[in-house]
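S.K.: what shape does this take:
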Amino acid sequence: MNAFNNDVSHDGHRERLTNLIEKSGLDNVSNIQAVEYFLTYIFPRGDVNPLAHRLLDKYETFANIINASVNDLKSVRGINERSAKKITLFAQLFDLYTSTSMDKHISIDDREEFLDMIEQMLRFKTTENLILFAFNSSYMLTHKRKFNNKSIDEVAMSTYDLYDFISSSKPAYIAIAHNHPGGSAKPSPNDNNATLFIENLVLNFHCKLIDSFVVGDDGILSLKQLGYVRTFHNIGGIINYLSDINKEN
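M.R.: Next up, the predicted model:
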């Protein structure tokens, strides 16, 4: 009987929380309330407020929670294998929403809109990801494909992956973007070598590499333009990059 009453109490609390967020918006509630509301989708019943506190105590932000690994999440009391997988899959759902919302009529000619999409998809990733973009002869985005990361600083894409993407999307042009988690967008020697290799390789498929972008904590860098095309708040990496360019010249 007591358990039943507790469930009713929790259900009432969830309804009040839902009404509060519907009225005020997620941006205007506390971090605890926002995470607690998110957890109601993971756990259909029960009091998730203590778990919300434990998650924020460990990860500090909602973004860090959904970007955590399954094994790491399982170390938090109250999180099992199934709930950990649900939490991590939410990040993919957000990516799907963002990408499908921004796909409509995006053109590489509209640089700011295209950079918005790259930033949304890569800026806050905690592991390295690589995305291929396909454009038709009118420079309109037609396809994109994300490649899974092998580790925090290495992404896996084979020549066959590139061939398969081009064969299926039949682009006139392609672009590449990848991120440097927790670091500067300054390209590594591997970045430059890979871009040159891909640029030469795609010519065999009768398409052209428009640009290769690197997303870091300090901004978005274009390897074609050899400079930042968008900057974020952290300018230290940009200053270091410009200093290196000056030394080379």
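S.K.: for R82, what is the enclosing helix or strand?
M.R.: helix 81-102 (DSSP states H and E).
S.K.: check which helices and strands that helix is in contact with.
M.R.: In terms of contacts (3 or more Cβ pairs under 8 Å, 6 or more residues apart in numbering; DSSP states H and E), helix 81-102 is packed against helix 31-42, helix 62-67, helix 70-73, helix 111-122. (C-beta placed from N, C-alpha, C; glycine too.)
S.K.: quick check, L132 in a helix?
M.R.: No: read with DSSP: H, G, I helix; E, B strand; the rest coil, L132 is strand and lies in no helix.
S.K.: what's the least confident stretch among the helices and strands packed on helix 81-102?
M.R.: The stretch with the lowest mean pLDDT among those is helix 62-67, at a mean of 86.
S.K.: how about the CA coordinates for that helix, as CSV?
M.R.: Extracted C-alpha coordinates of helix 62-67, given in CSV (Å, rounded to 0.1, in the frame of the first residue of the first chain):
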residue,chain,number,x,y,z
PHE,A,62,23.6,17.5,-19.3
ALA,A,63,25.8,17.4,-22.4
ASN,A,64,28.5,15.4,-20.5
ILE,A,65,25.8,13.0,-19.2
ILE,A,66,24.5,12.0,-22.7
ASN,A,67,28.0,12.0,-24.1
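S.K.: coming back round to it: okay, the helix holding R82 in CSV with CA atoms only?
M.R.: Output of helix 81-102 as CSV, limited to C-alpha atoms (Å, rounded to 0.1, in the frame of the first residue of the first chain):
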residue,chain,number,x,y,z
GLU,A,81,23.1,-1.5,-18.9
ARG,A,82,19.7,-0.9,-20.4
SER,A,83,19.2,2.6,-19.0
ALA,A,84,22.8,3.5,-19.9
LYS,A,85,22.2,2.6,-23.5
LYS,A,86,19.1,4.7,-23.6
ILE,A,87,20.9,7.7,-22.3
THR,A,88,23.8,7.4,-24.8
LEU,A,89,21.4,6.9,-27.7
PHE,A,90,19.7,10.2,-26.9
ALA,A,91,22.8,12.0,-28.3
GLN,A,92,22.2,10.2,-31.6
LEU,A,93,18.5,11.2,-31.6
PHE,A,94,19.6,14.8,-31.0
ASP,A,95,22.1,14.5,-33.9
LEU,A,96,19.3,13.1,-36.1
TYR,A,97,17.0,15.9,-35.2
THR,A,98,19.6,18.6,-35.8
SER,A,99,20.8,17.1,-39.1
THR,A,100,17.4,16.5,-40.6
SER,A,101,16.2,20.0,-39.5
MET,A,102,19.1,21.6,-41.2
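S.K.: any idea of the angle it forms with helix 111-122?
M.R.: If you take axes from the mean of the first three to the mean of the last three Cα atoms, to 10 degrees, helix 81-102 sits at 180 degrees to helix 111-122.
S.K.: got the buried residues for helix 81-102?
M.R.: Across helix 81-102, burial judged by 16 or more other Cβ atoms under 10 Å covers 83-84, 86-88, 90-91, 95, 102.
S.K.: grab the nearest non-local neighbour of D161.
M.R.: Nearest residue to D161 in three dimensions, chain neighbours excluded: F147, at 6.5 Å (Cβ to Cβ, 6 or more residues apart in numbering).
S.K.: thought the one you found was touching Y160?
M.R.: No: here F147 lies out of contact with Y160, judged by Cβ atoms under 8 Å, at a distance of 11.7 Å.
S.K.: higher neighbour count, those two?
M.R.: F147 (18 against 8; other Cβ atoms under 10 Å).
S.K.: show me where this structure has its strands.
M.R.: Assigned by DSSP state E, the strands in the chain fall at 130-135, 141-147, 149-151, 154-155, 173-179, 208-216, 219-222, 227-231.
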